[in-house]
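Student: I'd like to go over a predicted model; first the sequence, then the structure.
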Amino acid sequence: MDYRTFIKEQLTKAAHIAESYFGNVSATVKPEDNNQVLTDADIAIGKHLVAAVGQAFPTHNIIDEEAGVIDKKSPFTWVIDPVEATSNFAVGLPQYGIMIGLLDGPTPIAGGIVAPAYNKLYLAEKGKGATCNDKPIHVTAEQNLRNMLVSYGIDGHKENPERTIRECRVLADIVLGARNMRNTGCEALDPMYVAEGRYGGRINTTSKIWDNVAPQIIAEEAGAIWTSANGLPLDYTNPLTKAEQNFTFCVASPALHKQLQAIIKGRLES
């Protein structure tokens, strides 16, 4: 079975699981991070996807947000986010998704995202383009950031308030340089709006490896550039050691990525 077919089949099944829980879940806050929420749906979907990968690709590694790291000493690593934007999902907001990506060494080579509430399934495989519901998608051809919406995801850092204040100053400069700003609070949606050409760019300075691998390959196959918030390549070398690492990202079309970086000028966390 090829990767794209496998991802499509398993995300379709995972979407049904999510829909069976949606609107009827209780959530707990993870003790290590007040910004992170967990529901029974996260656990059920994670178990499904981990089992599916284990059956179809038994020699491959897995990183799952809830199950953790499964090391098979393989160059291939599946990276799973059972419910992206659990905080939205837990309170009945439809802006959530399920993401699964595949690394070959440090390189994203395949990925998929399903947004059940919107009936959208995004797929990509390296060198084969990106699709939404089997139709090709591509970043905007617009060359001027002032004509585009930009999305920015921000978490409050109560342990370091000055970091949040500095970030808000950068955010303000980006808003002033773009047409306006929007944010669903969901990495399964906002980066895909960039890939579809609806947004000019998306920035986030607080994310994990499972927030990046799947949307990165889809966005890149749609023509986007995906880097750290400060424009550096993301480093997935030895990915099994990076489940706890913070990742930042900036994704945009080539022309708009350059304009965003001119505003950011290295002022964000990398």
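Tutor: Cool, got the structure. No experiment lies behind these values; they were computed from the predicted model shown.

Student: count the residues that sit near residue 91.
Tutor: The local packing count at residue 91 equals 11, with neighbours defined by other CB atoms under 10 Å. Heads up, the C-betas are built off the backbone N, CA and C, glycines and all.

Student: so what does it have for phi and psi?
Tutor: Here is the backbone geometry of residue 91 (degrees, to the nearest 10): phi -100, psi 10.

Student: residue 104 too?
Tutor: The main-chain torsion angles of residue 104 are listed as degrees, to the nearest 10 and equal phi -110, psi 100.

Student: do a quick rundown of the helices in this protein.
Tutor: 3-21, 40-56, 86-90, 161-177, 190-195, 213-221, 254-264 (DSSP state H).

Student: how is the protein carved up into domains?
Tutor: The chain breaks down by automatic domain parsing into domains covering 3-136, 145-264.

Student: quote the end-to-end distance of the first one.
Tutor: Start-to-end span of domain 3-136 (CA to CA, to the nearest Å) is 18 Å.

Student: quick one: residue 233 and residue 227 touch, right?
Tutor: Yes. Residue 233 lies in contact with residue 227 (CB atoms under 8 Å); the separation is 6.1 Å.

Student: those two: who's more crowded?
Tutor: Regarding residue 233 and residue 227, a neighbour count based on other CB under 10 Å identifies residue 227 as having more, with 20 against 10.

Student: gap between residue 222 and residue 76?
Tutor: Distance, residue 222 to residue 76, by CB to CB, to the nearest Å: 23 Å.

Student: what's the local residue count around the nearest residue to residue 223 once chain neighbours are set aside?
Tutor: In space, and not counting its chain neighbours, residue 223 is closest to residue 139: 4.3 Å by CB to CB, 6 or more residues apart in numbering. The tally of other residues near residue 139 (other CB under 10 Å) stands at 27.

Student: next, the contact list for residue 139, please.
Tutor: 194, 195, 197, 219, 222, 223, 224, 252, 253 (CB atoms under 8 Å, 6 or more residues apart in numbering).

Student: shouldn't the last one be in contact with residue 140?
Tutor: It stands for residue 253. Yes. With contacts counted by CB under 8 Å, residue 253 reaches residue 140, the gap being 5.6 Å.

Student: need the overlap of contacts for these two.
Tutor: Between them, residue 253 and residue 140 share the contacting residues 197, 200, judged by CB under 8 Å, 6+ apart.

Student: compare neighbour counts for those two and give me the winner.
Tutor: With other CB under 10 Å as the criterion, residue 253 and residue 140 differ in neighbour count, and residue 253 comes out ahead with 27 against 22.
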